[in-house]
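>>> kindly generate the corresponding structure for this input.
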Amino acid sequence: MRGGDFAELRAFASVAAHGSFVRAAEELGISASTLSQIIRALEARLGVRLFNRTTRSVALTEAGRRLDARFRPAMAEMEAAVREAAALGDAPSGLLRVHMPSVAAAAFLEPAFGRFHAACPGVVLDVTVDDAATDIVAAGYDVGVRLGEFLEADMVAVKLGGEQRQIVVASPDYVRRQGRPVTPADLLRHRCINWRRPGSAGLYKWEFFGEGRWFSVAVDGPLVVSQRSLAIAAAVQGVGLAFWAEDLVRPLIAAGKLMPLLEDWCAPFPGWYLCYPRQRGMLASLRAFVDFLKQERSGR
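The predicted structure follows:
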């Protein structure tokens with residue numbers, strides 16, 4: 001592959017990832033008009049249109065989707081190889097791409113930015129906070145945080161904390177008006193606030209443990225959110241019942257704004273893990289990030 005070929009394909013991958021010539025041009029450090037010329041040259045060389053363009057949107061054609069599916073993982077691997085070669089020295093430096101769900105980012109990373117950058121000033125963290133189920137390797141991330149139940153078998157996993165638990169909560173006003181559920185089956189008669197995981201078409205089913213097994217309940221109610229913090233805000237205002245991480249709702253319970261419900265049915269499950277692909281030569285920046293978060297957790 002000639003250097004120009006790779007530059008064209010890298011430009012294509014950036015436009016495909018961003019769905020925008022303007023944002024892709026910003027990432028590549030060129031003008032949008034120059035990027036458009038590069039893509040037109042690539043399409044002319046391949047003899048096929050890769051994007052459908054309108055004044056408002058940019059979308060991949062079928063040919064573009066197939067090229068993106070094959071080339072993006074290859075490009076991520078090449079970029080990772082270059083970063084690995086450049087960062088195998090003792091001093092951690094360079095770019096580290098991180099993927100975290102919002103709850104994990106708030107718990108582990110948000111309070112520690114200052115300490116990490118004081119310890120590793122040469123490392124640039126590129127953090128994506130996203131609750132969608134994401135293949136971190138295919139998407140080009142170096143490291144991610146996952147619940148234990150979602151770990152992939154071929155990943156290195158480092159435990160970041162203890163077990164987690166989700167509980168049902170409601171405002172005192174809601175309980176006065178609507179009563180208290182006694183079993184998970186009672187939720188079918190209550191106004192529940194649903195959560196849809198980003199990237200998923202279905203609604204999350206609330207999970208409980210009883211009689212030696214896990215089971216789920218499909219609830220219904222007046223509100224569906226993609227961010228669980230919105231569900232908690234709505235629950236405080238008496239909209240309905242919400243279901244979220246116990247650690248995050250305990251301060252609101254202590255303040256009298258929420259009440260815990262169905263606690264006997266809410267069992268703990270494996271907590272958060274830092275995970276990354278097995279590597280022959282671990283990036284110095286990744287090693288520093290892993291060691292830092294392990295030290296942060298052990299110091300709490």
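>>> could you use CA atoms for every contact and neighbour count after this?
Noted.
>>> hmm, which helix or strand of the protein has the shakiest average pLDDT?
Between all helices and strands in the chain, the lowest mean by mean pLDDT, DSSP states H and E belongs to helix 62-86, at a mean of 80.
>>> restricting to C-alpha, output the following helix or strand past that one in PDB.
Sequence-wise, the next helix or strand downstream of helix 62-86 (DSSP states H and E) is strand 94-100. Once non-C-alpha atoms are left out, strand 94-100 reads as follows in PDB (Å, rounded to 0.1, in the frame of the first residue of the first chain):
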ATOM      1  CA  GLY A  94       1.300   9.500  24.300                       C
ATOM      2  CA  LEU A  95      -2.400   9.100  23.700                       C
ATOM      3  CA  LEU A  96      -4.500   6.500  25.700                       C
ATOM      4  CA  ARG A  97      -8.000   5.900  24.500                       C
ATOM      5  CA  VAL A  98     -10.400   5.000  27.300                       C
ATOM      6  CA  HIS A  99     -14.000   3.800  27.200                       C
ATOM      7  CA  MET A 100     -16.200   3.900  30.400                       C
END
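>>> got the angle for strand 94-100 vs helix 62-86?
Orientation of strand 94-100 against helix 62-86 (axes from the mean of the first three to the mean of the last three CA atoms, to 10 degrees) gives an angle of 120 degrees.
>>> output the contacting helices and strands for strand 94-100.
strand 123-129, strand 143-147, helix 284-298 (3 or more CA pairs under 8 Å, 6 or more residues apart in numbering; DSSP states H and E).
>>> compile the ones you listed into a markdown table and extend it with columns for mean pLDDT.
Putting the helices and strands packed on strand 94-100 into a markdown table (pLDDT from 0 to 100) gives the following:
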| stretch | mean pLDDT |
| --- | --- |
| strand 123-129 | 92 |
| strand 143-147 | 89 |
| helix 284-298 | 85 |
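>>> residue 270 is nearest to which of those?
Proximity to residue 270 (CA to CA) singles out strand 143-147 among these, at 6.6 Å.
>>> what about the helix or strand just after that closest one, average pLDDT?
For strand 143-147, the succeeding helix or strand toward the C-terminus, using DSSP H and E, is strand 155-159. Strand 155-159 shows a mean pLDDT of 86.
>>> so which residues make contact with strand 155-159?
Residues from elsewhere that reach strand 155-159, judged by CA atoms under 8 Å, 6 or more residues apart in numbering: 151, 271-278, 294.
>>> mind listing what that strand pairs with, with the direction of each?
Paired neighbours of strand 155-159 in the sheet (DSSP bridges): strand 272-277 (antiparallel).
>>> give me the contact list for the strand it pairs with.
Taking CA under 8 Å, 6+ apart as the rule, strand 272-277 contacts 104, 137, 142-148, 151, 154-163, 290.
>>> that one to strand 143-147, inter-axis angle?
140 degrees.
>>> pull out the buried residues from the host helix or strand of residue 35.
Element membership for residue 35 (DSSP H and E) is helix 32-46. Neighbour counts over helix 32-46 (16 or more other CA atoms under 10 Å) mark 32, 35-36, 38-40, 42-43 as buried.
>>> mind putting those into a markdown table with distance to residue 225 and pLDDT?
Formatted as a markdown table, the buried residues of helix 32-46 follow (distance: CA to CA, whole Å; pLDDT from 0 to 100):
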| residue | distance to residue 225 | pLDDT |
| --- | --- | --- |
| 32 | 35 | 89 |
| 35 | 37 | 92 |
| 36 | 37 | 91 |
| 38 | 40 | 93 |
| 39 | 38 | 93 |
| 40 | 40 | 92 |
| 42 | 41 | 92 |
| 43 | 40 | 92 |
